[in-house]
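> Any chance you could fold what I've pasted below:
(2 chains)
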Amino acid sequence: AQKVTQAQTEISVVEKEDVTLDCVYETRDTTYYLFWYKQPPSGELVFLIRRNSFDEQNEISGRYSWNFQKSTSSFNFTITASQVVDSAVYFCALRTTGNQFYFGTGTSLTVIP
Amino acid sequence: DGGITQSPKYLFRKEGQNVTLSCEQNLNHDAMYWYRQDPGQGLRLIYYSQIVNDFQKGDIAEGYSVSREKKESFPLTVTSAQKNPTAFYLCASTSTFSTDTQYFGPGTRLTVL
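Model prediction:
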């Protein structure tokens, strides 16, 4: 069975603090893809990153970084020096060999000015 | 510009009425999806289609119907059999290459009066 768990329902941080959003996944497939999406108040899900199961290198994009660890089935997302514009709901997702995507329940991040 | 469009952005319906939500994409994607999102909740899959004239039920298909007569279009009908249709509806698409990302439309917010 495929499953994505985002245990943190809501997180609040003060602007400029760093924050890490956790994502744990379950799959028996050896080939799979992991994603992070951002959902701002407008509602549209915005794609942030895709990572395949064979690439465990961490990735950094500006203030965003991702830590993929197969040993713990985790794909965590860190925002450095958070800003008010980072306030949104963030979803982690898993795609295996089929065309179905499995989403976590999302983490609502509030950055307080 | 390539993308996914959903219309209308806001939709109001009286109880007992059927209503159809539009989803169009010009990304040349084969697979299309409908998700439902309730306040503070994650995404739940309603229906998906991997090819024209074919579609499969997702986790919460009861009270909904779809069609896929054209590659670009995947309309969703919310029928009167859906007991609690007030929600945010998101349409998405992806290519059938397993590496590809799922992209989302801006969503339709349906309210039953």
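> End to end on stretch A:59-76, go ahead and measure it.
Across stretch A:59-76, the terminal residues are separated by 11 Å (CA to CA, to the nearest Å).
> Could I get the full set of strands for chain B?
Assigned by DSSP state E, the strands in chain B fall at B:4-7, B:10-13, B:19-25, B:31-37, B:43-51, B:54-57, B:64-66, B:76-78, B:87-94, B:103-104, B:108-112.
> what's the most buried one of those strands?
Sort the strands of chain B by mean neighbour count, taking mean count of other CB atoms under 10 Å in any protein chain shown, and strand B:31-37 sits at the top with a mean of 25. Heads up, the C-betas are built off the backbone N, CA and C, glycines and all.
> what sits up against that strand?
A:99, A:101, B:21, B:23, B:25, B:43-51, B:58, B:60, B:64, B:66, B:68, B:74, B:76, B:87-96, B:102, B:107 (CB atoms under 8 Å, 6 or more residues apart in numbering or on different chains).
> got it, and stretch B:77-85?
Outside stretch B:77-85, the residues that reach it (CB under 8 Å, 6+ apart) are B:13, B:15-21, B:62-66, B:110, B:112.
> go on, stretch B:8-26?
Under CB under 8 Å, 6+ apart, the answer for stretch B:8-26 is B:2-7, B:32, B:34, B:72-80, B:85, B:89, B:91, B:93, B:103, B:105-113.
> Quick check: buried residues in stretch A:38-48?
By neighbour count with 16 or more other CB atoms under 10 Å in any protein chain shown, stretch A:38-48 contains the buried residues A:38, A:39, A:43, A:44, A:45, A:48.
> if you skip the residues just before and after it, what's nearest to the third one?
Nearest-residue entry for residue A:43: residue B:107, 4.3 Å, with adjacent residues in sequence omitted and distances by CB to CB, 6 or more residues apart in numbering or on different chains.
> How about the contacts made by the one you found?
Per CB under 8 Å, 6+ apart, neighbours of residue B:107: A:43, A:44, B:6, B:9, B:37, B:88, B:89, B:90, B:91.
> Give me the pLDDT value at residue B:36.
Here the pLDDT value assigned to residue B:36 is 97.
> any idea how far residue A:81 is from it?
Relative to residue A:81, residue B:36 is positioned 35 Å away (CB to CB, to the nearest Å).
> before we move on, back to that, could you find which two of the contacts of residue B:107 are furthest from each other?
B:9 and B:37 (14.6 Å; CB to CB).
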